[in-house]
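Asks: Generate a structure from the sequence data that follows.
(2 chains)
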Amino acid sequence: MRYRLYIIFCAIITIQLLFLLPIYPLKNMNAANGAQLKLFQALMCEEIFTNAPRNPTIVFSVTQKKAVCYTSFDQVPQKAFIYHNWFHRDVPSAKIRLTLKPPRWSTFSSIQLRKTDIGPWRVEITDQKGSVLGVLRFSVTD
Amino acid sequence: MEKFFLFLTTIRWQDVVDISLNSYILFRFYVLFRGTNVFRVLIGMTVLWFLQRIAISLGLIVTSWVVQGIVAVGAIIIIVVFRNEIRRVLQAKNLKSILWGFSYKSAVTPIEIIADSVFEMAQRKCGALIVFPGKEDLSDVVQGGTPWRGLITKEMITSIFWPDNPVHDGAAVVQGDQIRVVGAILPLSDRDDLPSHHGTRHRAALGLAETTDALVIVVSEERGDMLVAKGNRLREIKQKRTLEQNIQEHVGTAAVKKGAVKKERLEITAAALLSLVFMTGIWFSVSRGQDTLVSLDIPIDYTNRNSGTEIVDTSVKSVSLVLSGSGALVKSITPDQVGVRLDLSKSVIGPNSFSITTENISLPPGIILREVTPNVIEVLIDETIKKELPIQIDWSGKLPEQLILVDSVSDPETVEVVGGKRILEKVVTIYTEKVLLDNLKGKGEITANLVLNPASLTIAPRSKDKVTIQYLIRQRE
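Replies: Numbering: from 1, shown residues only, chains lettered A, B, ... in the order given. Purely as a prediction, here's the structure:
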């Protein structure tokens, strides 16, 4: 009787191992590849002061000369690139490549403001594959 | 011959009605006013009008102006001067006789009976005054009188002028075979060369004859002599035959011929034909005259567009039409009478090419299409789709130096837009109208309209065309 119970126990363990073993490496693989970039914070600000955004805003006057797009990532699995794509009234204006380094990284890009830049803007933050990670909208006024 | 049949095919039923109706109106004018002074003046006016047209065609500017002025004033003069005659014609006839009836001058004046009666009264020294009106209207000249309307007989004439009859001193007015009025008062002549034995009756006869074209027979009560007044002449008649001749000459040959009615019918038929020819001529000159050209820019009206499609672009918004016709018709054209329609029922998604033909153009009658520019229209048709798009606030103006707009949220954040697939593929954002910053403080809520660009886009029925904006303003660090 004990012998039979032992065989059944062994069979169950064997079956379980047969089903579960292939899952373990898949999960591990996903964990290695799935450690994607995670955008923690994205905002428009007037300037960067001691590595932190200062005066976050969504309206810039041309008299301020500059608009800054600040992005912060709290999960950078490996060295990577992101892009800040600046659009003025849906027309591409600038595409700025920025480098990210593990494990966390903050970076920013800026544009000089001129009289001709008055109007609505947006910045699309994309990874190196072109996937949109976030969109910021702002206006440039007089 | 072929051209003639081709022309016949261009005549519409409306044209036939147009000519017939106006010919009949002209003909009725003739029937109602023939023999009156109004009719003669109307003929004169028509001649003047033709003269004016000739003067215009020859380039005689001043002459055409003068004639035009005369015609314009003449129309008023006719109504004012001949108002009594017009009134008499219209009042004397009922609606049926105005629209349809014919009044033949069929009554034959019994000249022999009148002459016999007059001679008998002269022999008896019974005074008499008999008026035979000419073509002129006597209603303004002859005063008073009693309507009689009795057929002429010898007994009746002698009884009217019988000394005991209350109306024997007045004049009897003869028309056709009837005595229309008795006891009428005639204007007196103020001539001072009349013989002394001529009394009031003679002066009355001469007075009417001088002022009108009537013939008046007068029988002297004192002397029994017999005179005929016509124009400014007063002639004594000795023989009955001479009197008959005088009356006959005055009332016309129609009065003595038995076929007078037949002749009059022929005259009316000829007038009807002339009216028809005249109106046909006018119709030709007005509707088929091609002397004037005009160029019009007409917007294209696209019809029968398939559901689920929309017009994205067209090569032109309007076409230029060169039209010709008679001057009067061309001048009267209004833009709403001319239309250019393009049937899109057979259009396909993508570029389409349509030729503008006469079938696409509607014109008023009598106007001919000469040229269409451009005659080929390119129309880009697109499939209609819906697309959800983010809304972005278009801020403008300026906040005070120490303030910054930290955040804003629009409700809704997206809007569903309907439009052509090709257009909507390129549109990624829907902006609001300009939202002014100048008067904003602290935090609050405002509304703004959405601006659709291009204008062919529309907001889906379930979406809002306005957004509510919540904003937050803070002090700058």
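
Asks: ok, which residues in chain A are in contact with chain B?
Replies: A:46, A:54-59, A:61, A:90, A:118-120, A:122, A:135, A:137, A:139, A:141-142 (Cβ under 8 Å from any Cβ of the partner chain). In short, each C-beta sits where N, CA and C put it, glycine included.

Asks: and the residues you listed, which of them are in strands?
Replies: A:46, A:54-56, A:59, A:61, A:119-120, A:122, A:135, A:137, A:139, A:141 (DSSP state E).

Asks: Which pair in the residues you listed has the greatest spatial separation?
Replies: A:Arg54 and A:Gly119 (24.2 Å; Cβ to Cβ).

Asks: How many neighbouring residues does the residue in the stretch 251-400 of chain B positioned nearest to chain A have?
Replies: Residue nearest to chain A within the stretch 251-400 of chain B: B:Trp395 (3.8 Å; Cβ to the nearest Cβ). With neighbours defined by other Cβ atoms under 10 Å in any protein chain shown, the count for B:Trp395 comes to 26.

Asks: Please name the bridge partners of it.
Replies: B:Val435 (DSSP bridges).

Asks: isn't it right next to B:Ile404, touching?
Replies: No. Contact criterion Cβ atoms under 8 Å: B:Trp395 and B:Ile404 do not qualify, at 11.8 Å.

Asks: list residues touching both of the two?
Replies: A:Val59 (Cβ atoms under 8 Å, 6 or more residues apart in numbering or on different chains).

Asks: Count the residues that sit near the residue in chain A that chain B sits nearest to.
Replies: Residue nearest to chain B within chain A: A:Ser139 (3.8 Å; Cβ to the nearest Cβ). By other Cβ under 10 Å, 26 other residues sit near A:Ser139.

Asks: The residue most central in space within chain A and B:Val417, how far apart?
Replies: Geometric centre of chain A, nearest residue: A:Leu39, 3.5 Å, by Cα atoms, centre = their mean. In this view, A:Leu39 and B:Val417 are 28 Å apart by Cβ to Cβ, to the nearest Å.

Asks: cool, B:Lys434 as well?
Replies: For B:Lys434 relative to B:Val417 (Cβ to Cβ), the value is 20 Å.

Asks: What backbone torsions are found at residue 77?
Replies: In the absence of a named chain, chain A is used. The phi/psi pair for A:Pro77 (degrees, to the nearest 10) reads phi -70, psi -30.

Asks: I'd assumed A:Leu100 was in contact with it.
Replies: No. Contact criterion Cβ under 8 Å: A:Pro77 and A:Leu100 do not qualify, at 9.7 Å.

Asks: so A:Tyr70, which of the three states?
Replies: strand (DSSP: H, G, I helix; E, B strand; the rest coil).

Asks: Next up, the contacts around it.
Replies: So, once contact is read as Cβ under 8 Å, 6+ apart, A:Tyr70 ends up touching A:41-45, A:48, A:53, A:106-108.

Asks: one step back: helices or strands next to the helix or strand encompassing the residue nearest to the centre of chain A in the packing?
Replies: Using DSSP states H and E, A:Leu39 maps to strand A:38-49. Under the contact definition 3 or more Cβ pairs under 8 Å, 6 or more residues apart in numbering or on different chains; DSSP states H and E, strand A:38-49 sits against strand A:52-56, strand A:66-75, strand A:119-127, strand A:132-141.

Asks: For those, give me JSON lines that also has mean pLDDT.
Replies: Formatted as JSON lines, the helices and strands packed on strand A:38-49 follow (pLDDT from 0 to 100):
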{"stretch": "strand A:52-56", "mean pLDDT": "93"}
{"stretch": "strand A:66-75", "mean pLDDT": "94"}
{"stretch": "strand A:119-127", "mean pLDDT": "95"}
{"stretch": "strand A:132-141", "mean pLDDT": "95"}
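
Asks: Figure out how far stretch B:415-435 is from the centre of its chain.
Replies: Distance of stretch B:415-435 from the chain centroid (Cα atoms, centre = their mean, to the nearest Å) equals 55 Å.

Asks: Just the endpoints, please. Distance across that stretch?
Replies: Length of stretch B:415-435, first residue to last, Cα to Cα, to the nearest Å: 18 Å.

Asks: If you average the pLDDT over it, what comes out?
Replies: In this model, stretch B:415-435 has an average pLDDT of 92.

Asks: Flag every buried residue along it.
Replies: Judged by neighbour count using 16 or more other Cβ atoms under 10 Å in any protein chain shown, the buried positions of stretch B:415-435 are B:415-420, B:422-424, B:427, B:429-432, B:434-435.

Asks: Other residues contacting that stretch?
Replies: A:90, A:120, A:122, B:310, B:312, B:380, B:382-396, B:410, B:446, B:448-454, B:456-460, B:462-464, B:467, B:469.

Asks: Swap in 7 Å and give it another go.
Replies: A:90, A:120, B:310, B:312, B:382-396, B:446, B:448-452, B:454, B:456-460, B:462-463, B:467, B:469 (Cβ atoms under 7 Å, 6 or more residues apart in numbering or on different chains).

Asks: can you give me the mean pLDDT across stretch B:274-290?
Replies: In the prediction, stretch B:274-290 has an average pLDDT of 80.

Asks: Quick one: distance of that stretch to the chain centre.
Replies: Centre to centre, stretch against its chain (Cα atoms, centre = their mean), the figure for stretch B:274-290 is 15 Å.

Asks: what does stretch A:81-95 give?
Replies: Computed by Cα atoms, centre = their mean, the chain-centroid distance of stretch A:81-95 equals 16 Å.
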